[in-house]
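# I would like the atomic coordinates for the input below:
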Amino acid sequence: MIKHLPLWQPASLFLLVSALAVVFQTHAQASVRSEYELKAAFLYNFTRFVSWQRSPDGAETDLNLCVFGDDPFEELLAPIEGRSAQGRTINLKYPSQLIDITDCSVVFVSQSEVRRLPQLITAAGESDQLTVSDIPDFARQGGVIGYVQQGNVIRFEINLRAAEASNLTIDSRLLELAVRVIQ
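Down below sits the predicted model:
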């Protein structure tokens, strides 16, 4: 026979609180995962709607997508590896030093790198790189594309001046989707 405990008894209250904590933690983890699933999809699509200046010899090189700093995506970027964008094969890289980003076409700047943001933006601009981040006000601070959250919706803003300084051309369709374009 199963004995039902009233909800006010300590054992029942403990079980109820424990169950709710598990439900909320699972929901929070799923929410963060789905947020970065969406950001990963955006990141791939950015490679399709941003054009880099061709190399002087006209040869196409691979498109190196780098995550600089702590990796919030975990395995979510793995499906992008080996895919093609604008006829270029995408390679994933995870540089640990600022000097190692020189061969990156796209640099996702993790929030863990907020202290080094000015140096990173300067280095990326000199190397004609697309910089993307979810650091607050990233595009206003000189990054090319910054994720912004509006309620439960992930959007992005584009710093057109930073793109032009990095010799990048952004497709007008992508500009139309941006929540803000900084000129």
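# Next, the buried residues of stretch 164-175.
Using 16 or more other Cβ atoms under 10 Å as the burial criterion, the residues of stretch 164-175 that qualify are 165-166, 168, 170, 174. Quick note: C-beta positions are derived from backbone N, CA and C, even for glycine.
# And these, which is closest to Gly151?
Lowest distance from Gly151 to the buried residues of stretch 164-175 (Cβ to Cβ) belongs to Leu174, with 21.9 Å.
# Skip the chain neighbours and tell me the closest residue to that closest one.
Spatial nearest neighbour of Leu174, excluding adjacent residues (Cβ to Cβ, 6 or more residues apart in numbering): Phe49 at 4.0 Å.
# likewise Thr47?
Excluding its sequence neighbours, the residue lying closest to Thr47 (Cβ to Cβ, 6+ apart) is Ala85, at 3.8 Å.
# who's in contact with the one you found?
For Ala85, the contacting residues are 44, 47-48, 63, by Cβ atoms under 8 Å, 6 or more residues apart in numbering.
# Now, these that are in strands?
Leu63 (DSSP state E).
# okay if I get the contacts of Ala85 as JSON lines plus neighbour count?
Rendered in JSON lines, the data for the contacts of Ala85 read as follows (neighbours: other Cβ atoms under 10 Å):
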{"residue": "Tyr44", "neighbour count": "16"}
{"residue": "Thr47", "neighbour count": "21"}
{"residue": "Arg48", "neighbour count": "14"}
{"residue": "Leu63", "neighbour count": "21"}
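# Mind checking which of the contacts of Ala85 land in helices?
Taking DSSP state H as the definition of helices, the contacts of Ala85 contribute 44, 47-48.
# Show me which of the residues you listed is closest to Cys104.
In terms of Cβ to Cβ, no member of the ones in helices among the contacts of Ala85 lies closer to Cys104 than Thr47, at 11.8 Å.
# tell me the contacts of that closest one?
Residues 63, 65, 85-86, 90, 105-106, 130 are the ones in contact with Thr47 under the rule Cβ under 8 Å, 6+ apart.
# With Trp52 instead?
Under the criterion of Cβ under 8 Å, 6+ apart, the neighbours of Trp52 are 105, 128, 130, 167-168.
# All good on my end, thank you.
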